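1. Model the structure of this input:
(chains A and B)
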Amino acid sequence: MQLRAGMHLVSVVSPACVIVLRAPKNDVEVCCGGVAMLTAENITPDTELPAAGNGSGLILGKRYAHESFDLECLCTRAGGGELTVNGEPLSLKDAKPLPPSD
Amino acid sequence: MNLMMLLEMATSNNSDGTAISAHDAGLTNKGLYRRSGSGASYLRERGYDAVAYVGTNSAAFAIAVFAAAWAGIPFWPLNYRLASDQILSLLDSDQHVLVVAQQDLLPAVRASRHDVIAADLWLDMTGRDAPPGEWSSDPDKVAVLLNTSGTTSKPKTAVLRHRHLASYVLGSVEFGSADPCDAVAVSVPPYHVAGVVNLLTNIFAGRRIVYLDAFEPAVWLDTVRRERATHAMVVPTMLARIVDELDGTPANVPSLRTLSYGGSRVSATTIVQALRLFPDTDFVNAYGLTETSSTIAILRPEDHRSALQSNDEAVRARLASVGRLIPGVEAQIRSADGLPLPPGEVGELWLRGEQVSGEYLAVQSPLDEDGWFPTKDRAHFDSAQFLFIEGRADDTIIRGGENIAPAEIEDVLMQHPAVGEAAVVGAPDEEWGQIIVAFVVLREDAKVDEDELRSFVRGKLRTSRTPDRIIRRDRLPYTDSGKLMRRLLTSGLT
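-> Sure thing, here's the model as predicted:
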């Protein structure tokens, strides 16, 4: 799948959702708990989405990244299942926040 | 991508956390979320194309921002200090707009063709249970319309889409990173990009927002102490007024960990005094534009400290910079011919990034074909990527063929003990093209004559940068965000 920054991905094995912050230029497959995640467009009324989590997994608001793929996601809804890109796990990104400004 | 996602996440994380403390109401995340939904129902049922807001910072304002996002229509805050006919002129649109106005501003907007609802009524009405449908996740929907300050030209209406604002918030704020007792005192007005954006960033960080109304330095100090504000956001003129109010006495605000300022140029004198009077507070200078979804560069607390303590002139100079670019933003300094310039050379600052919009209503986009946005600010980078803003290109005085930045002369005038405020503009002149005219506001009981001030400036800058005329004023004209209204000064000169 060709990912784009701002794209929402939904897990089919848990309630987890992520938003893509940085997307690789090439097509990649992003899975949660080993199963390909769906984009919002690919969800139909028939798509079964699990209601409950299954153990540890993605934490709300945390960033997950795989630097060699130049992929970074932010968890927008918590849920179980490890995130992988083309089979390789994404790791939790260290928070290095900017001081508050605006 | 919709800005409501930011509030939804905050609510999932801490539904009972206080989001807003304002004069008209306090709101938890859950309360703000529900009211945004009710507001969105109202907007959708009546088919509004946009929500305008005329008033100060308030709970009603925060609800209107998110209700608009939920309904998928633009939120449009207007400068409540404008004269009625100016506000009506801005509102003159064929769109079906709902105007939410604070009580004392209702007379100013009553003559508008649009529906007007009092902010108190909006607050009440959104308290009723009226769940709307889903919000759109189209990142290209317009989220916010903002009128640019128009200090040097006619104001335009800048367009910020959900993707621009989301990119900035998600790129620069760590979710839920605030401590439970954190609170930020916000006195930046809601019609300024910083006023809208800091609502989003603080909700996402989980930091309680304490809204202040009209700014008074003594009230600000009192509020910060009483609310135990850990953070605060001001524009430079507010900072100058706070420093004046303190009159050499340390601020005594033990809770205040971070003070952010930006929106216009700060004088070196003000910031050095502020650093002295708030010794335990971190200072952050943020530079950005309406068109770039606010901040694109930050001078961090450690940068302030290094500059203040250094013996190296280049490092000390950084106190007058706006710091380094934030991740995700690219910059170029271009010559008049459009060629990129190396560090050390002054040219026009161009910016590019996901948070950079550069789009206006009814005006051709100034973006070049590669998506670069011209800021019209003259600037340069030093060798360590610190960005120095000289001033608006339009404000540059050209005297005898030489480019002169008013800010350089203003900073020097401000160093004179008798000078409280200074503004430098160009006046037409047959011989030189333009001559340098300085307007000064003297400190109370201070006395100094024109020649003395001119000698003072000549002693620190080149002769060609000495003001040709110095005019005393009782006050200078500023916008609410602290930008000097040079047009008003220039128009008085012939």
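
2. Show me the residue sitting in the middle of chain A in space.
-> Per CA atoms, centre = their mean, the C-alpha nearest to the average position across chain A is that of A:Val18, at 3.8 Å.

3. Checking my notes, it in a strand, right?
-> Yes. Counting by DSSP: H, G, I helix; E, B strand; the rest coil, A:Val18 is part of a strand.

4. For it, give the beta-bridge partners.
-> Using DSSP bridges, the bridge partners assigned to A:Val18 are A:Leu9, A:Cys75.

5. what about it, distance to B:Trp135?
-> Distance, A:Val18 to B:Trp135, by CB to CB, to the nearest Å: 18 Å. Backbone N, C-alpha and C define where each C-beta goes, glycine included.

6. Skip the chain neighbours and tell me the closest residue to the closest residue to chain A within the stretch 51-200 of chain B.
-> Of all residues in the stretch 51-200 of chain B, B:Phe175 sits closest to chain A, with a separation of 2.8 Å (CB to the nearest CB). Distances taken as CB to CB, 6 or more residues apart in numbering or on different chains place A:Gly61 nearest to B:Phe175, at 2.8 Å, with adjacent residues excluded.

7. same check, this time on A:Ser101
-> Excluding the flanking residues, the one nearest A:Ser101 by CB to CB, 6+ apart is B:Ala286, at 3.5 Å.

8. The one you found belongs to a strand?
-> Yes. Using three-state DSSP, the secondary structure at B:Ala286 is a strand.

9. doesn't A:Pro100 make contact with it?
-> No. B:Ala286 is beyond contact range of A:Pro100, at 9.0 Å (criterion: CB atoms under 8 Å).

10. Which neighbours do the two have in common?
-> Common contacts of B:Ala286 and A:Pro100, defined by CB atoms under 8 Å, 6 or more residues apart in numbering or on different chains, comprise B:Ser260.

11. Mind checking which of these two has more residues around it?
-> A:Pro100 (28 against 24; other CB atoms under 10 Å in any protein chain shown).

12. Check the residue in chain A that chain B sits nearest to and give its pLDDT.
-> Residue of chain A nearest chain B, by CB to the nearest CB: A:Gly61 (2.8 Å). In this model, A:Gly61 is scored at 95, pLDDT.

13. any idea how far A:Ser11 is from it?
-> 16 Å.

14. Which residue of the two possesses the greater neighbour count?
-> Applying other CB under 10 Å to A:Gly61 and A:Ser11 shows that A:Ser11 carries more neighbours, namely 27 against 23.

15. Now that one: closest residue in space that isn't a chain neighbour?
-> A:Cys32 (3.8 Å).

16. Show me the beta-bridge partners of the one you found.
-> Beta-bridge partners, per DSSP bridges, of A:Cys32: A:Val35, A:Leu83.

17. sorry, back to before: so who does the residue nearest to B:Phe175 touch?
-> By CB under 8 Å, 6+ apart, the residues touching A:Gly61 are A:74-75, B:9, B:13, B:174-176.

18. can you rerun that using 10 Å?
-> By CB atoms under 10 Å, 6 or more residues apart in numbering or on different chains, the contact set of A:Gly61 is A:74-76, A:78, A:95, B:9-10, B:12-13, B:170, B:173-177, B:204-206.

19. ok, which stretches of the stretch 351-494 of chain B are strands?
-> Under the criterion DSSP state E, counting those that start in this stretch, the stretch 351-494 of chain B contains strands at B:359-360, B:373-381, B:387-392, B:397-399, B:402-404, B:419-429, B:433-442, B:469-472.

20. Tally up the residues packed near the spatially closest residue to B:Leu78 that is not a sequence neighbour, please.
-> Closest residue in space to B:Leu78, ignoring its immediate chain neighbours: B:Val54 at 5.0 Å, by CB to CB, 6+ apart. Counted by other CB under 10 Å, the residues lying close to B:Val54 total 27.

21. Quick check, B:Val54 in contact with B:Tyr191.
-> Yes. Counting by CB atoms under 10 Å, B:Val54 touches B:Tyr191, with 8.5 Å between them.

22. Need the overlap of contacts for the two.
-> B:61, B:76-80, B:82.

23. Could you pick out the residues of chain A near chain B for me?
-> Contact residues, chain A versus chain B (CB under 10 Å from any CB of the partner chain): A:4-8, A:17, A:19-22, A:40-41, A:59-63, A:72, A:74-78, A:93, A:95-102.

24. how many neighbours does B:Leu349 have?
-> Counted with other CB under 10 Å, the burial measure for B:Leu349 works out to 27 neighbours.

25. Confirm that it lies within a strand, as I assumed.
-> Yes. Counting by three-state DSSP, B:Leu349 is part of a strand.

26. Check what pLDDT the closest residue to B:Arg300 other than its chain neighbours gets.
-> In this structure, B:Arg300 finds its nearest non-sequential neighbour in A:Pro99, 5.7 Å apart by CB to CB, 6+ apart. On the pLDDT scale, A:Pro99 is placed at 84.

27. ok, now which ones touch A:Pro99?
-> Residues near A:Pro99 by CB under 10 Å, 6+ apart: B:172, B:231, B:257-258, B:260, B:282-284, B:286, B:298-302.

28. B:Leu6 too?
-> B:Leu6 makes contact with A:76, B:66, B:69, B:165-166, B:169-170, B:173, B:175, B:199-201, B:203-205 under the criterion CB under 10 Å, 6+ apart.

29. now chain B, which segments are flagged as low pLDDT?
-> B:149-154, B:494 (pLDDT under 70).

30. Phi and psi next, for the residue nearest the centre of it.
-> Nearest to the mean C-alpha position of chain B, by CA atoms, centre = their mean, lies B:Gly263 at 3.5 Å. Geometry field for B:Gly263 lists phi and psi as phi 110, psi -20, criterion degrees, to the nearest 10.

31. just checking, which of the residues of chain A next to chain B belong to helices?
-> The helices, defined by DSSP state H, take in nothing from the residues of chain A next to chain B.

32. quick one: the strands in chain A?
-> Ranges of strands within chain A are A:8-10, A:17-22, A:30-32, A:35-36, A:38-39, A:57-58, A:63-66, A:71-77, A:79-80, A:83-85, A:88-89, A:91-92, based on DSSP state E.

33. Done for today, thanks.
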